[in-house]
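In: could you work out the structure for the sequence below:
(4 chains)
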2 protein chains.
Amino acid sequence: MARRGRRRGAAVSRENILDAARRLFAEHGFEGTSLRQVARAAGVDPAMIHHFFKGKDELFALSVELPADPEEVLRGVADTDPGQRAELLVRTVLHLWESPAQASLVAFLRGTLGSRAKTALLREMVGRTIISRIMAGVPGQPAEVALRGDLVASQMVGLMMVRYVVRLEPLASAGQDEVVRLAAPNVQRYLTGDLFEQGRR
Amino acid sequence: MARRGRRRGAAVSRENILDAARRLFAEHGFEGTSLRQVARAAGVDPAMIHHFFKGKDELFALSVELPADPEEVLRGVADTDPGQRAELLVRTVLHLWESPAQASLVAFLRGTLGSRAKTALLREMVGRTIISRIMAGVPGQPAEVALRGDLVASQMVGLMMVRYVVRLEPLASAGQDEVVRLAAPNVQRYLTGDLFEQGRR
DNA sequence: GCTTTAATTCATCAGGTGGTGAATTCCCCG
DNA sequence: CGGGGAATTCACCACCTGATGAATTAAAGC
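Out: Residues are numbered from 1 along each chain as shown, chains lettered A, B, ... in the order given. Reported below is the predicted structural model:
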């Protein structure tokens, strides 16, 4: 059934492989996904993967690479007044996660959280690149701002995990606007609020 | 060097295997860890694992099983006035994660988040068991309480991820008391605060 | 139209995977 | 002290893993 040699028509196998890889990595993680599964899902011989990519690592890197440049996505956020930045930040992140990029993002998290070695990559990326952009222009001593950044990250990461990875209901099905309304005030406190207030409410 | 037959002295191999499994599952996740690696780390023949456990699944389940019964750990929390429950909740969870159980907990998360199938397990467990205990006695309509529970979970999960799995600095090294002071007010808002407040601070 | 280049499959490799059955050695109970 | 049962290792099994090199076919460039 599968004749040998080049197929007729446009050459789309490379993209098919990337699509299949995205899906499978998102479902089963990095080590839980085999090249043969990917090839089968893409309707292609396993050797094609090595023809197009150097190996499993490169396939993973290219298929789940962040489909959007964090700098670009967060540009608007960094330009907003820190005192009202939270709402836009939450909205922007939700928007990104509900785009076609979702499979890549889940795959990235699943593959990346799977092992300690890969987690280091995520730490560098989230830590230095993303957080620093989110915190740009926030007043305060550097040490304090860094701590605030981690706290913001903790809330955002938790939101992504619960809503998109674990999919806890009813939060997973809540509307985007509702989630923004619910979470933004907490994020805002981490960003610029009084961290040492006593006996609120 | 390794003689055949039973070793002299006390029989500790079973515990050695469990310890090694905990460590390796925490570092490399479920599929990233092989039985032979575990056996090697435990200084034992691979066949021992099948002698003591039914297979890799049971080894994983037993080695990373929650070392503390959620019901017991959260008992004090559920008994506290909901209006001041957040501080105790955060403190309790931090305490648990800084106990010897940490390796098991990280292993549980790593193994569990690795694939979609295993994530369902976590969803059931966190969703029905843990959250319902945390939210016991919180006033409000069931649907609203469920949503509040998910929000609390999002902050707690994010905190665990950032502090213990990804280990973002400076949050990872912050003192327990400080983290409680920083995060508890936000958790409290999710628990019993006004979720629809406008233009705070 | 011919040649170069890329896409595709096949056959195969060395090594790792989880798992099994039997043989050997020791502990513990009677 | 004798014997039953548990602990331990060995020798395998069938299968899957990522990877390679050569052979075949089609598209692209001239």
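
In: A:V126 and A:A21, how far apart?
Out: Distance, A:V126 to A:A21, using C-beta to C-beta, to the nearest Å: 23 Å. Heads up, the C-betas are built off the backbone N, CA and C, glycines and all.

In: of these two, who's got more company?
Out: A:A21 (28 against 21; other C-beta atoms under 10 Å in any protein chain shown).

In: ok, that one touching A:V38?
Out: Yes: between A:A21 and A:V38 there is a contact under C-beta atoms under 8 Å: 5.0 Å.

In: identify the contacts common to these two.
Out: A:L59 (C-beta atoms under 8 Å, 6 or more residues apart in numbering or on different chains).

In: what residues does chain A put near DNA strand D?
Out: Residues of chain A lying near DNA strand D by C-beta under 7 Å from any atom of the strand: A:3-11, A:33-37, A:46-47, A:50, A:55-57.

In: same thing but at 10 Å, please
Out: When proximity is defined as C-beta under 10 Å from any atom of the strand, chain A approaches DNA strand D at A:3-11, A:28, A:30-40, A:45-51, A:53-60.

In: narrow the residues you listed to just the buried residues.
Out: Listed as buried from these are A:28, A:30-33, A:35, A:37-39, A:48-49, A:53, A:56, A:59-60; burial here means 16 or more other C-beta atoms under 10 Å in any protein chain shown.

In: near DNA strand C, which of those show up?
Out: With C-beta under 10 Å from any atom of the strand as the criterion, those include A:31, A:39, A:48-49 near DNA strand C.

In: with these in mind, which one is nearest to B:P142?
Out: A:E31 (40.1 Å; C-beta to C-beta).

In: show me the contacts for the closest one.
Out: A:114-115, B:28-29, B:31-32, B:114.

In: residues of chain A that sit close to DNA strand C?
Out: For chain A, the residues in contact with DNA strand C (C-beta under 10 Å from any atom of the strand) are A:1-17, A:31, A:36, A:39, A:42-52.

In: show me those that map onto helices.
Out: In this view, the residues of chain A next to DNA strand C that belong to helices under DSSP state H are A:13-17, A:36, A:39, A:42, A:46-52.

In: grab the nearest non-local neighbour of the residue nearest to the spatial centre of chain A.
Out: Centroid-nearest residue in chain A, with C-alpha atoms, centre = their mean: A:L105, separated by 3.7 Å. Nearest non-adjacent residue to A:L105, counting by C-beta to C-beta, 6 or more residues apart in numbering or on different chains: A:W97, 6.1 Å away.

In: check A:A183 too.
Out: The spatially closest residue to A:A183, leaving aside those adjacent along the chain, is A:V90, at 5.3 Å (C-beta to C-beta, 6+ apart).

In: can you check A:L113 too?
Out: Closest to A:L113 by C-beta to C-beta, 6+ apart is B:L113, at 5.2 Å.

In: in this structure A:R116 contacts B:R23, no?
Out: No: using C-beta under 8 Å, A:R116 makes no contact with B:R23, being 10.6 Å away.

In: list the buried residues of stretch A:57-74.
Out: Using 16+ other C-beta under 10 Å as the test for burial, stretch A:57-74 gives A:59-60, A:62-64, A:67, A:73-74.

In: scratch that, stretch A:169-188 is what I was asking about
Out: Result for stretch A:169-188 [16+ other C-beta under 10 Å]: buried residues A:171, A:174, A:179-188.

In: give me the distance from it to the chain's centre.
Out: 18 Å (C-alpha atoms, centre = their mean, to the nearest Å).

In: only alpha carbons, please: show that stretch as CSV.
Out: Coordinates of each C-alpha in stretch A:169-188 appear next as CSV, following Å, rounded to 0.1, in the frame of the first residue of the first chain:
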residue,chain,number,x,y,z
GLU,A,169,-14.2,21.8,37.0
PRO,A,170,-15.9,24.3,37.2
LEU,A,171,-12.8,26.5,36.7
ALA,A,172,-11.8,24.7,33.4
SER,A,173,-15.1,25.7,31.8
ALA,A,174,-15.5,29.1,33.2
GLY,A,175,-15.6,32.0,30.8
GLN,A,176,-12.4,33.9,30.1
ASP,A,177,-13.9,37.2,31.4
GLU,A,178,-15.0,35.6,34.6
VAL,A,179,-11.6,34.1,35.3
VAL,A,180,-10.0,37.5,34.7
ARG,A,181,-12.4,39.1,37.2
LEU,A,182,-11.7,36.4,39.7
ALA,A,183,-8.0,36.1,39.5
ALA,A,184,-6.8,39.6,38.5
PRO,A,185,-7.2,41.2,41.9
ASN,A,186,-5.0,38.6,43.5
VAL,A,187,-2.4,39.0,40.8
GLN,A,188,-2.5,42.7,41.3
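
In: mind listing the helices for chain A?
Out: Using DSSP H, helices in chain A cover A:13-28, A:35-42, A:46-52, A:56-63, A:70-73, A:75-79, A:85-97, A:102-113, A:116-124, A:132-134, A:142-160, A:176-192.

In: can you pull the contacts of the nearest residue to A:R116 once chain neighbours are set aside?
Out: In this structure, A:R116 finds its nearest non-sequential neighbour in B:E27, 4.7 Å apart by C-beta to C-beta, 6+ apart. The contact partners of B:E27, by C-beta under 8 Å, 6+ apart, come to A:115-116, B:33, B:110.

In: how about the lowest-mean-pLDDT helix or strand in chain A, does it reach chain B?
Out: When the helices and strands of chain A are scored by mean pLDDT, DSSP states H and E, helix A:70-73 comes last with a mean of 83. No: residues of helix A:70-73 are not located near chain B by C-beta under 8 Å from any C-beta of the partner chain, the shortest gap being 15.6 Å.

In: what is the burial count for A:T80?
Out: A:T80: 15 surrounding residues under other C-beta under 10 Å.
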